[in-house]
Every structure is written in C-alpha cells, then in structure tokens.
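In: missing the sequence, but the structure's below:
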Ligand SMILES: Nc1ccn([C@@H]2O[C@H](COP(=O)(O)OP(=O)(O)OP(=O)(O)O)[C@@H](O)[C@H]2O)c(=O)n1
Ligand SMILES: C[C@](O)(CO)[C@H](O)COP(=O)(O)O
C-alpha cells in the first residue's frame, strides 16, 4: 500500500532583495496592510491540501517576523536560494511530509486556481509540476552595448518559470544535493529535478503571480492585491 500524500509548503524568504534597493528585505515590506511574506504564506494556505508552511529566513531577519501561527514554522535559510529551499525540504521530510510545494516569499499574488492546478498536476507524478507563463514578447539578443544582434530567438514552447513548484520531498532533496546548492544553474527546483533526469510538467501561471524584484513591481502588486 502506498503512503498517504502529505504536502508542506516551503517558502524561501532569506534573500536580501538587492535589486529592490529597499532598507529592509523586500519580503518584509508592507502592501495592503500585510507584509509581502504574510501575503505569500496566506496564498499557499488557501489550499487545504497544504498542511504546514516552513519559512526559511536568515538569522538577522528573525526579529521582523510576527507570523506566529499553528501551521507555520521558521527554519534557517542559507546563502543561496537553493540552500534555503533545501533547509525547508529537509525539515519537511523530518516531519513525514511526502511532497513539498516551494513558493517564493516574493510572489504574494498567487491565485488560488493556479495553486490548485499545480498541486493537481504534480501530486501523482514523480516528474512533479511547476507554474510558468509562456514568453509573450519578441526576444532580442544584444551585445553588452545594447545594440541588437539578433531577433531570431524562437519563442515556440518557451516559458518563464514561476513558483509554486511541487515535487516529492525526497526526490527534490536528492536533486538539490546532487546538483549543489551553490551551482549557478540551479535557478529553480525544476532545474534540479531535470539535472537528475526528470521532466516536470508546466502549469499555466498568471501575471498576478509576479515576483517582486524591482521597485516598480510594488505598484503592480499593490493593484493586484486590492480586494
Ligand atoms: N539566500 C537566499 C536568496 C533568496 N531567497 C529567496 O528566494 C526568493 C526568490 O529570490 P529573489 O527574488 O532573487 O530574491 P533576492 O535574492 O532577495 O533578490 P536579489 O536577487 O535582488 O538580491 C525570495 O523569496 C528570496 O527571499 C532565499 O530564501 N535565500
Ligand atoms: C524560482 C524563480 O522564482 C523562478 O522564476 C526564480 O528563478 C528565482 O529568482 P531569480 O530572480 O532567478 O533570482
């Protein structure tokens, strides 16, 4: 008999948000009355299949975390996003979760239907599933001086990865460990799973699920999070 499925979310929240240029890491900025981190936690807990949330944070950010709730625990983050994710995944395994749903703290606008779709697509398949959106604009390759050298970058079947990304917890831990948490090619969980031979399924995401990266993103997310 197969073991029952138990899903924990892992939220990497130990980044410094250099590109955001704010005085506190972007996940602690307040938008529509709650921190960005809190919106992201609430977004993953919208789905009842998610039993617990492990948030990976850096030690010096712990004082900024008023999120004390029964379904939420904090774990130590690392120097890279992959290290922070692995820390959360290993805690999830210790507590007998079979699957992990990794979601960036910096993506507070995750729609409930996108979350449900990625869980449905990945839960019974070792390849797992990730949220992504098809590339919509024409792509240009340039020299460092920003002069175009080519527009012939094919867009067919080209997607931009988002989170959440759902995988078997043990497979993902193996994949990240094998690829190496400081490997620059490990940009998301799917890249690690691909590294060990899997082919994660792409599930349609949403522009509302944007990752807050640059200051102008705050204006957009404020509009998206409006009730
Ligand atoms: N050592 C790290 C680096 C990043 N992250 C998290 O990974 C997510 C996506 O990363 P990104 O947007 O690149 O965040 P930062 O690394 O904070 O941003 P920047 O690259 O601009 O410094 C964020 O929720 C961030 O907090 C993490 O948990 N641990
Ligand atoms: C995982 C991710 O959100 C997919 O888009 C992203 O790769 C993480 O952040 P970064 O902007 O690539 O550092």
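Out: Cool, the structure landed. Owing to the predicted nature of the structure, the values given are computational and were not obtained by experimental measurement. Ligands and ions are numbered 1, 2, ... in the order given.
In: what's the distance between the lengthiest strand in the chain and the middle of its chain?
Out: Using DSSP state E to define each element, the chain has its longest strand at strand 159-168. Offset of strand 159-168 from its chain centre (Cα atoms, centre = their mean, to the nearest Å): 7 Å.
In: next one: stretch 7-27
Out: 11 Å.
In: If you average the pLDDT over it, what comes out?
Out: Across stretch 7-27, pLDDT averages out at 94.
In: So which bits of it are buried?
Out: 7-15, 17, 20, 25-27 (16 or more other Cβ atoms under 10 Å). Every residue, glycine included, has its C-beta placed from N, CA and C.
In: dump the residue contacts of residue 190.
Out: 128, 130, 161, 165, 200 (Cβ atoms under 8 Å, 6 or more residues apart in numbering).
In: Turn the buried ones among the residues you listed into a named PyMOL selection, would you?
Out: Those of the contacts of residue 190 that count as buried under 16+ other Cβ under 10 Å are selected in PyMOL with:
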select buried, resi 128+130+161+165+200
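In: so which of the contacts of residue 190 comes closest to residue 54?
Out: Distances from residue 54 to the contacts of residue 190, taken as Cβ to Cβ, are shortest for residue 165 (14.6 Å).
In: Just the pLDDT for the closest one.
Out: According to the model, residue 165 carries a pLDDT of 98.
In: Can you tell me how far it is from residue 130?
Out: According to Cβ to Cβ, to the nearest Å, residue 165 and residue 130 sit 4 Å apart.
In: intersection of neighbour lists for the two?
Out: With Cβ under 8 Å, 6+ apart as the test, residue 165 and residue 130 both reach 118, 188-190, 200.
In: Now the two most distant members of the residues you listed.
Out: That would be 118 and 188, which, of the shared contacts of residue 165 and residue 130, are the farthest apart (Cβ to Cβ) at 12.9 Å.
In: So between these two, which is more surrounded?
Out: Neighbours per residue, other Cβ atoms under 10 Å: of residue 118 and residue 188, the larger number sits with residue 118, 28 against 20.
In: which residues touch the more buried one?
Out: Shown in contact with residue 118 (Cβ under 8 Å, 6+ apart): 101, 129-131, 164-166, 203.
In: Tell me the one of the residues you listed nearest ligand 2?
Out: Looking at those and their distance to ligand 2, the nearest is residue 165, at 7.3 Å (Cβ to the nearest ligand atom).
In: and that closest one, bridged to which residues?
Out: Beta-bridge pairing of residue 165 under DSSP bridges involves residue 102, residue 130.
In: thought residue 88 was touching residue 54?
Out: Yes. Residue 88 is within contact range of residue 54, at 4.1 Å (criterion: Cβ atoms under 8 Å).
In: Among the two, which residue is more densely surrounded?
Out: The neighbour comparison of residue 88 against residue 54 (other Cβ under 10 Å) goes to residue 88, with 28 against 24.
In: For the more buried one, what are phi and psi?
Out: Main-chain torsions, residue 88, degrees, to the nearest 10: phi -70, psi -40.
In: what's the closest non-adjacent residue to it?
Out: residue 10 (3.3 Å; Cβ to Cβ, 6 or more residues apart in numbering).
In: sorry, back to before: let's have the contacts of residue 118 in CSV, adding distance to ligand 2.
Out: Below are these laid out as CSV (distance: Cβ to the nearest ligand atom, whole Å):
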residue, distance to ligand 2
101, 13
129, 14
130, 8
131, 9
164, 10
165, 7
166, 13
203, 13
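In: so who does the residue of the chain found nearest ligand 1 touch?
Out: Distances between the chain and ligand 1 by Cβ to the nearest ligand atom are smallest at residue 15, namely 2.1 Å. Contact partners of residue 15, counting by Cβ under 8 Å, 6+ apart, are 25-27, 81, 84, 105-106.
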